[in-house]
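*Asks:* Have a look; sequence and predicted model below, questions after that.
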Amino acid sequence: MIRYLIKNNFKLIFRNKLAVIVLLFGPALTIALLSNAMDSLMRSYEMPDEFKVGYRSSNSVVNENIGTIKDEGTDAGIILIEYPDGEPSELIKNNDLSAFVDINGSDYTIYKSGDHKTEGAATEYFIDKVMKNGIDAALDNMAPRTEMVSDIKETKLEYMPAVNATDYYGIIYIVYFSCCGMICATGMLSSEKKNGIERKYNVSSVSPFRLYLARVIPTLGVIIICTLIEAILTAVLFGIHWGSPLLSALIVIMMIVAFTSFGFMLYDISQNIAITVIALFAIIWILGYLGGSFETYMYSDFSQNIKNISAFYHANRALVELSCIGRSSYAASSLVFSGSITVICAIVTVTIEMVRRRGRN
Amino acid sequence: MDEIILRTTELTKKYNNKAVVDDLSLEIKKGEIFGLLGPNGAGKSTTMNMICSIVRPTAGKVELFGKELNANKKEVIRRIGYIPQDLAIHGELKAWENAELFISLYGLKGNVLKKAVDRSLEYVGLSDRRNEFSKNFSGGMKRRLNIACAIGHEPELLIFDEPTVGIDPQSRNFILEKIKESNENGATVIYTSHYMEEVEAICTRIAIMDNGRIIACGTSSELKRSVSDKQDITLEEVFLTLTGKKLRDISE
């Protein structure tokens, strides 16, 4: 019986024209208006063709591969110079280094120069890839560290080429807007609230879980349709390039499902549409801010731990890497992240609704 | 013996330790049109809400069709049609879409649902306006659509909570005629209203509530005889005699 609820809720959402128009054309309009600003922003991160980075490596998994890594670094414009002794900050100052990397075992510390932030970020990205490749190779072969060393020699480093500003911000803004997509459900929810329709649902045999599905499914349907149209529109208008379309679509859809579930959970807790929209937008903005939606995740000043708690960081990084190099080790973490948010929020929402019905005033 | 459709036993609802419905015991027989009268804050709507399982009683129990409501909610709730005081319809849906949505909540689907929608809209005289958005309807048309949404599954017990508030005399007359027609077709009706003449015109038995309790119950003439020997006394005079003339300013 919920198919009729779903069908009519779908109509209610689609008839909230303003919200659908914002969802449909918001990202394209933002990209069009801000394309110059995005270009300038990205250009400010442009680096010299080459820069110097000092390093020190003790008992490290990369010691025996340092030759290969140096070659890869040179290809990426990073000249790696070894300094076995000395204070990193002094070495940076005295030798005009952009950064210094202290590798100890499988851990590493990067010292960045305040005058070369972009180069420091590029170094961090490069070293992160070097270490990850080493660990991935070890896991693939289930081999001890001594064998892992020989695997690194054969692994071509996936150093990401410079990102095109339109691709980066285009992809990120489509994700960002689609995660705010629950706004399209406000018409349906306010109509239910204003007309006391929840009371009629109570005088029926529809369970809280079915009622939850009857609201969430049409909302997701509308957001996914709008996002698909938006992705095609921006690809045609601005030439935004998505890598690995199926995996990219899955990542975006899972983010939509996660943040729509999150929005419905907020609504169920607050029982107020205005509070829900404000809280949802605020939380998405903060997570987007941490996760590279406004300043590229490559060059942001946040620590890796902070970035890691943002679902947007995983999704943005996965989508941008898919666009640039066709693969990303962040795709899996992005899917796990959004899947977990979805399940937790759905359970919380249905539980609250069941408790509320049992203890109804 | 007449079948008892609804029985409440010592039904009580308290908010902040104040009883809004107090120890209310009531029986309604099959085929009755039972009127529930009372001043604002008497506890009529709370009683209705407990009968419909919208509000949980603090104490006491509700039996519908011989079964305890809380234990058999899924089964008995399908046999009730609840027409709330507020218009519970979506303005952004067309008349037939509203009817389809709400009737489907009772498990109807496919052709059965389609026929129920057609029958309900026909019943309330909205067949020719079925494709119009309900936000464009007059107050009376919205009230009629509200009824259509609640009767499509052919309930055995219809609960009307002030269904004629704020509508024109023609629409009011139409609704009252339809309530009588539903009753003639076999439905038992519970009806609350502030309009004494309406209650007197359609109800076979009337209860007057005040301060959460039933203070009088019987047919219209029994109630009149209970307060005066005068032949021309009105139900309104009976009501004012029993509940007093003091204004009741109640916050919702």
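*Replies:* Looks like it arrived, so ask away.

*Asks:* Just the pLDDT at residue 165, thanks.
*Replies:* As the question left the chain open, I've gone with chain A. Predicted confidence (pLDDT) at residue A:165: the value is 80.

*Asks:* Can you look at chain B instead?
*Replies:* Predicted confidence (pLDDT) for residue B:165: 82.

*Asks:* List the buried residues of the strand or helix carrying residue B:75.
*Replies:* Following DSSP states H and E, one finds residue B:75 within helix B:73-77. Of all the residues in helix B:73-77, those buried under the rule 16 or more other CB atoms under 10 Å in any protein chain shown are B:73, B:76, B:77. C-beta here means a position set from N, CA and C on the backbone, and glycine is covered the same way.

*Asks:* Make a markdown table out of those and add distance to residue A:176 and pLDDT.
*Replies:* Shown next, in a markdown table, are the buried residues of helix B:73-77 (distance: CB to CB, whole Å; pLDDT from 0 to 100):
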| residue | distance to residue A:176 | pLDDT |
| --- | --- | --- |
| B:73 | 43 | 85 |
| B:76 | 48 | 89 |
| B:77 | 43 | 88 |
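
*Asks:* So which residues on the stretch 51-200 of chain A come close to chain B?
*Replies:* Within the stretch 51-200 of chain A, the positions near chain B by CB under 8 Å from any CB of the partner chain are A:187, A:191, A:192, A:195, A:196, A:197, A:199, A:200.

*Asks:* make it 10 Å
*Replies:* The stretch 51-200 of chain A comes close to chain B at residues A:187, A:188, A:191, A:192, A:194, A:195, A:196, A:197, A:198, A:199, A:200, as judged by CB under 10 Å from any CB of the partner chain.

*Asks:* Now, of these, which are buried?
*Replies:* For those, buried by 16+ other CB under 10 Å: A:187, A:188, A:191, A:192, A:195, A:197, A:198, A:199, A:200.

*Asks:* what two of those residues are the furthest from one another?
*Replies:* Distance extremes for those: the farthest pair is A:187 and A:199 at 19.3 Å, using CB to CB.

*Asks:* still on that earlier bit, check the offset of the helix holding residue B:75 from the chain's centre.
*Replies:* Its chain's average C-alpha position is 18 Å from that of helix B:73-77, according to CA atoms, centre = their mean, to the nearest Å.

*Asks:* what sits up against it?
*Replies:* With contact meaning CB atoms under 10 Å, 6 or more residues apart in numbering or on different chains, helix B:73-77 is reached by A:202-207, A:357, B:52-53, B:62-70, B:105-107, B:155-157.

*Asks:* can you give me the helices for the stretch 101-250 of chain B?
*Replies:* Taking DSSP state H, counting those that start in this stretch, the helices of the stretch 101-250 of chain B run over residues B:110-123, B:139-151, B:169-184, B:196-202, B:220-227, B:235-243.

*Asks:* For the shortest one, give the mean pLDDT please.
*Replies:* So that's helix B:196-202. On average, helix B:196-202 scores 88.

*Asks:* Distance from it to the middle of the chain?
*Replies:* For helix B:196-202, the distance to the chain centre is 14 Å (CA atoms, centre = their mean).

*Asks:* ok, so what distance separates the residue nearest to the spatial centre of chain B from residue B:11?
*Replies:* Most central in chain B under CA atoms, centre = their mean is residue B:160, positioned 2.0 Å from the mean C-alpha point. To residue B:11, residue B:160 is 19 Å away according to CB to CB, to the nearest Å.

*Asks:* Tell me the confidence at residue 159?
*Replies:* Using chain A here. 54.

*Asks:* not quite, I wanted chain B
*Replies:* You'll see residue B:159 listed with a pLDDT of 93.

*Asks:* still on that earlier bit, format the residues of the stretch 51-200 of chain A next to chain B as TSV; extra columns: secondary structure and pLDDT.
*Replies:* Shown next, in TSV, are those (DSSP: H, G, I helix; E, B strand; the rest coil; pLDDT from 0 to 100):
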residue	secondary structure	pLDDT
A:187	helix	89
A:188	helix	92
A:191	helix	91
A:192	helix	91
A:194	helix	88
A:195	coil	88
A:196	coil	85
A:197	helix	89
A:198	helix	84
A:199	helix	82
A:200	helix	85
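
*Asks:* Spatially, which two of the residues you listed are the most separated?
*Replies:* Taking CB to CB, no two of those sit farther apart than A:187 and A:199, at 19.3 Å.

*Asks:* which stretches of the stretch 51-200 of chain A form strands?
*Replies:* Using DSSP state E, counting those that start in this stretch, the strands of the stretch 51-200 of chain A run over A:51-58, A:78-82, A:99-104, A:107-112.

*Asks:* Reformat these as JSON lines; add mean pLDDT and mean neighbour count.
*Replies:* Shown next, in JSON lines, are the strands of the stretch 51-200 of chain A (pLDDT from 0 to 100; neighbours: other CB atoms under 10 Å in any protein chain shown):
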{"stretch": "strand A:51-58", "mean pLDDT": "85", "mean neighbour count": "20"}
{"stretch": "strand A:78-82", "mean pLDDT": "87", "mean neighbour count": "16"}
{"stretch": "strand A:99-104", "mean pLDDT": "85", "mean neighbour count": "21"}
{"stretch": "strand A:107-112", "mean pLDDT": "82", "mean neighbour count": "16"}
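
*Asks:* and residue B:132, what does it touch?
*Replies:* Contacts of residue B:132 (CB under 10 Å, 6+ apart): B:94, B:95, B:96, B:126, B:141.

*Asks:* and the gap between the fourth one and chain A?
*Replies:* Computed as CB to the nearest CB, to the nearest Å, the residue B:126 to chain A distance reads 17 Å.

*Asks:* sorry, back to before: which element follows the helix holding residue B:75 toward the C-terminus?
*Replies:* Next in line after helix B:73-77, if elements are assigned by DSSP H and E, sits strand B:80-83.

*Asks:* Report all helices and strands that that following strand contacts.
*Replies:* Judged by 3 or more CB pairs under 10 Å, 6 or more residues apart in numbering or on different chains; DSSP states H and E, the packing partners of strand B:80-83 are helix A:197-202, helix B:44-51, helix B:139-151, strand B:157-161, helix B:169-184, strand B:188-192.
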